[in-house]
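Undergrad: Okay, here's the prediction I keep looking at, along with the sequence it came from:
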Number of protein chains: 2
Amino acid sequence: MPTPHYGQPRYRAIADELRRRIEGGTIPPGALLPTESALTSEFKASRGTVRQAIALLREADVVATEHGRGTYVKTRRNEHESNREAQPETRHRQIPANPELAALFAVDVGTALVEQQSVTRIDGAVGIVVRTYRLLRTR
Amino acid sequence: MPTPHYGQPRYRAIADELRRRIEGGTIPPGALLPTESALTSEFKASRGTVRQAIALLREADVVATEHGRGTYVKTRRNEHESNREAQPETRHRQIPANPELAALFAVDVGTALVEQQSVTRIDGAVGIVVRTYRLLRTR
DNA sequence: AGAAATTTGTCCGTATGTATC
DNA sequence: AGATACATACGGACAAATTTC
């Protein structure tokens, strides 16, 4: 038997109710929504219906869902600064061999070496600096 | 940030990134990987996820883990017999930051840095020298 | 030698994503 | 619609091995 819905589907009614609670301050920004199973029992709806409701809020950018954590109320401020996955900055330069490197490469001090530097940042701060040295002229 | 795993779960992406660093020489054979907690903060993932990523590399025989010690990059076994590259000699030492490195890490000159040097020989001659710099104390 | 700090090993509980029946 | 199972993911807690002071 199909579920009768007066005017609007069940998932939308649930979404509206949740939105009222969010905008009314019952569920403040940054807070977790009740879990899906909690909403399921509260609204006496299936989990799929509850998820449909949450999907509406997510599309409206009212909440954000994190896998394994739950669904958060987004803060109104939405600068969206996700600068993750910073690629390392690399740079080449040619340097004369100092005594230590010259001894390693078995060349005269001052011999041209190629230094390649890679800087990996973590949250903006420098985490790892890698320097690779090669002889400019290969044997 | 929503964390759906479209196609690729998080732990596999982390494993891929670490493998890139290993094969790219950023983390040379014999060197220790960053600790699990360091990787946790770098990738903003839980420790369990980081451990899953490392487990992948361990299964692929790329690294080996020792209890209480850390995870090492395994020295690659001869994939070819004519490969005359010997295993790189690695070495750790603690050095004070010179002005250039101090500026990079945004610390005072003289701050303790860990320098890890890996020397790869080709036919007995030094071919590549890789130096990795990290802050002694993080977090 | 001993204590503290570090780092990995293991287990628990909770929650979402996906797939199947 | 509902139920179940499994994979993914987070967080906390404690134990065990190792390193550092």
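TA: Ah, there it is. Numbering: from 1, shown residues only, chains lettered A, B, ... in the order given.

Undergrad: Please make it C-alpha for all contacts and neighbour counts, starting now.
TA: OK.

Undergrad: nearest spatial neighbour of the residue lying farthest from the centre of chain A, skipping sequence neighbours?
TA: Relative to the C-alpha centroid of chain A, counting by C-alpha atoms, centre = their mean, A:Asp108 is the outermost residue, at 48.9 Å. Excluding the flanking residues, the one nearest A:Asp108 by C-alpha to C-alpha, 6 or more residues apart in numbering or on different chains is A:Ala102, at 5.8 Å.

Undergrad: Now for that neighbour: which residues touch it?
TA: Applying C-alpha atoms under 8 Å, 6 or more residues apart in numbering or on different chains to A:Ala102 gives the contacts A:Asp108, A:Val109, A:Gly110, A:Thr111.

Undergrad: Make TSV out of these and add secondary structure and pLDDT.
TA: Output for the contacts of A:Ala102, formatted as TSV (DSSP: H, G, I helix; E, B strand; the rest coil; pLDDT from 0 to 100):
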residue	secondary structure	pLDDT
A:Asp108	coil	89
A:Val109	coil	89
A:Gly110	coil	89
A:Thr111	coil	90
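
Undergrad: now, which of those residues sits nearest A:Thr49?
TA: Nearest to A:Thr49, judged by C-alpha to C-alpha, of these is A:Thr111 at 71.5 Å.

Undergrad: Next, that closest one: phi, psi?
TA: The phi/psi pair for A:Thr111 (degrees, to the nearest 10) reads phi -60, psi 140.

Undergrad: what do you get for A:Glu42?
TA: phi -70, psi -50.

Undergrad: Likewise for A:Lys44?
TA: According to degrees, to the nearest 10, A:Lys44 has phi 50, psi 40.

Undergrad: number of nearby residues for it?
TA: 11 (other C-alpha atoms under 10 Å in any protein chain shown).

Undergrad: Against A:Ala112, how distant is A:Leu104?
TA: 13 Å (C-alpha to C-alpha, to the nearest Å).

Undergrad: and what of A:Thr132?
TA: 14 Å.

Undergrad: A:Ala97: what's it in contact with?
TA: Counting by C-alpha under 8 Å, 6+ apart, A:Ala97 touches A:Asp108, A:Val109, A:Gly110, A:Thr111, A:Ala112, A:Leu113.

Undergrad: what's the closest non-adjacent residue to it?
TA: Nearest to A:Ala97 is A:Gly110, by C-alpha to C-alpha, 6+ apart, at 4.6 Å.

Undergrad: Got the phi and psi for that neighbour?
TA: Residue torsions, per degrees, to the nearest 10, at A:Gly110 are phi 100, psi -10.

Undergrad: That one touches A:Asn98, doesn't it?
TA: Yes: under the criterion of C-alpha atoms under 8 Å, A:Gly110 makes contact with A:Asn98 at 6.4 Å.

Undergrad: quick one: low-confidence parts of chain A?
TA: Low-confidence segments of chain A, defined by pLDDT under 70: A:1-7, A:24-26, A:28, A:76-88, A:122-124, A:137-139.

Undergrad: Could you check how far the residue farthest from the centre of chain A is from DNA strand D?
TA: 35 Å (C-alpha to the nearest atom of the strand, to the nearest Å).

Undergrad: For B:Ser46, see how far away that residue is.
TA: Separation of A:Asp108 from B:Ser46 (C-alpha to C-alpha): 50 Å.

Undergrad: Flag every residue of chain A that's near DNA strand D.
TA: A:Pro2, A:Thr3, A:Lys44, A:Ala45, A:Ser46, A:Arg47, A:Gly48, A:Thr49, A:His67, A:Gly68, A:Arg69 (C-alpha under 7 Å from any atom of the strand).

Undergrad: The fifth one: how many residues sit nearby?
TA: To tie it back to what came earlier, the one meant is A:Ser46. Residues near A:Ser46, counting by other C-alpha under 10 Å, number 14.

Undergrad: Relative to chain B, how far out is the residue nearest to it when sequence neighbours are not counted?
TA: Spatial nearest neighbour of A:Ser46, chain neighbours left out: A:Thr40 (5.8 Å); criterion: C-alpha to C-alpha, 6+ apart. Separation of A:Thr40 from chain B (C-alpha to the nearest C-alpha, to the nearest Å): 22 Å.

Undergrad: cool, A:Asp16 as well?
TA: Distance, A:Asp16 to chain B, by C-alpha to the nearest C-alpha: 22 Å.
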